[in-house]
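J.: need a structure here:
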Amino acid sequence: MLIGGMNGTFLPALSNSRIAANRRRSRTQDDTDNHIAAIAIYFMHYNFCRVHQTLRVTPAMEAGLSNHVWSMEELCELLPKQEPSTKQIDNALFRKALGDVA
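T.: Numbering: from 1, shown residues only. From the prediction side, this is the model:
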């Protein structure tokens, strides 16, 4: 059956592709946020942790932003602390209720 000049058998496939495109669009913001965070960590490492051969110091030290080479531990301390997931919290409460200390 033709619907508006289009074969009706293709309509479900068309709507499925639109649904998939909407799902991809909704994930894009999370993917973009993760990508931006990864790039920020890379640039922090490049400028604060890595000693460059030509400078013999880090770019941050050369610019006067830091007085020492940062360790990866110092860099990781700047990252936001992750909250435990609700599943971990529920398991901990369940164990506590049962008297299991481990």
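J.: all contacts plus neighbour counts: C-alpha atoms, from now on.
T.: Will do.
J.: since we're on Pro59, how many residues are nearby?
T.: Counted with other Cα atoms under 10 Å, residues neighbouring Pro59 total 19.
J.: swap that for Trp70, sorry
T.: 19.
J.: Check Met61 too.
T.: Per other Cα under 10 Å, the neighbour tally for Met61 reads 19.
J.: isn't it right next to His52, touching?
T.: No: applying Cα atoms under 8 Å as the test, Met61 and His52 come out as separate, 10.7 Å apart.
J.: For Asn67, give its distance to Leu75.
T.: Asn67 sits 15 Å away from Leu75, taking Cα to Cα, to the nearest Å as the criterion.
J.: Could you do Cys49 as well?
T.: Cys49 is 8 Å from Leu75, by Cα to Cα.
J.: Looking at those two, which is more packed in?
T.: Cys49 (22 against 14).
J.: Distance-wise, check that one relative to Met61.
T.: 10 Å.
J.: who touches both of these two?
T.: Common neighbours of Cys49 and Met61, counting by Cα atoms under 8 Å, 6 or more residues apart in numbering, are Val69.
J.: Show me the helices in the chain, by range?
T.: Per DSSP state H, the chain carries helices over the ranges 11-44, 59-62, 72-77, 86-98.
J.: just for this protein, where's the confidence low?
T.: Scanning the chain for pLDDT under 70 picks out 1-27, 84-90, 94, 100-102.
J.: cutoff 80 now
T.: Along the chain, segments meeting pLDDT under 80 span 1-30, 82-102.
J.: Next, work out how far apart Ile36 and Asp30 are.
T.: 10 Å.
J.: Check Glu74 too.
T.: In terms of Cα to Cα, Glu74 sits 26 Å off from Asp30.
J.: cool, and Ala37?
T.: To Asp30, Ala37 is 11 Å away according to Cα to Cα.
J.: How about His52?
T.: Applying Cα to Cα, the value for His52 to Asp30 is 33 Å.
J.: Run through who's touching stretch 69-86.
T.: So stretch 69-86 is in contact with Met44, His45, Phe48, Cys49, Arg50, Val51, Val57, Thr58, Met61, going by Cα under 8 Å, 6+ apart.
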